[in-house]
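A.B. asks: only the shape, not the letters, is given here:
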């Protein structure tokens, strides 16, 4: 029997499409975040990527803001973060 202090969300894991839906993002966006290291913490089990709901919530909380006048969000865009631009 589960401990009464265990939260159902703490033990729940979602695959990439479901995790994207949970955050209001596409699964592809989460894949890009994984590639660039800008996304939520994830786990790989048997070659499958899963996200704990509490990790998704913690990552989303990095973007908490009260007004548009606050400094930029802590969540980066799903793109390379090297600061440079590709030569055209």
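C.D. replies: That came in fine, so what should we check first? Note that the coordinates shown come from a computational prediction; the quantities given were computed from them, not determined experimentally.
A.B. asks: in three-state terms, label residue 50 for me.
C.D. replies: Classification of residue 50 by DSSP: H, G, I helix; E, B strand; the rest coil places it in strand.
A.B. asks: with the one 10 residues further on instead?
C.D. replies: For residue 60, the reduced secondary structure class is helix; criterion used: three-state DSSP.
A.B. asks: what's the closest non-adjacent residue to it?
C.D. replies: Nearest non-adjacent residue to residue 60, counting by C-beta to C-beta, 6 or more residues apart in numbering: residue 23, 6.0 Å away. Heads up, the C-betas are built off the backbone N, CA and C, glycines and all.
A.B. asks: residue contacts, the one you found?
C.D. replies: 30, 40, 56, 60 (C-beta atoms under 8 Å, 6 or more residues apart in numbering).
A.B. asks: filter those down to the ones in helices?
C.D. replies: Of these, the ones assigned to helices by DSSP state H are 30, 56, 60.
A.B. asks: and the pLDDT for the last one?
C.D. replies: Read that as residue 60. Looking at residue 60, its pLDDT stands at 94.
A.B. asks: what about it, how many neighbours?
C.D. replies: 15 (other C-beta atoms under 10 Å).
A.B. asks: spit out the contact partners of it.
C.D. replies: 23, 40, 75.
A.B. asks: return the item of the residues you listed having minimum pLDDT.
C.D. replies: Among the contacts of residue 60, residue 75 carries the lowest pLDDT, at 79.
A.B. asks: may I have the secondary structure class of that residue?
C.D. replies: Judged by three-state DSSP, the three-state class of residue 75 is coil.
A.B. asks: tell me the contacts of it?
C.D. replies: 38, 59, 60, 62, 63.
A.B. asks: tell me which two of those residues sit farthest apart.
C.D. replies: 38 and 60 (13.1 Å; C-beta to C-beta).
A.B. asks: no more questions from me, cheers.
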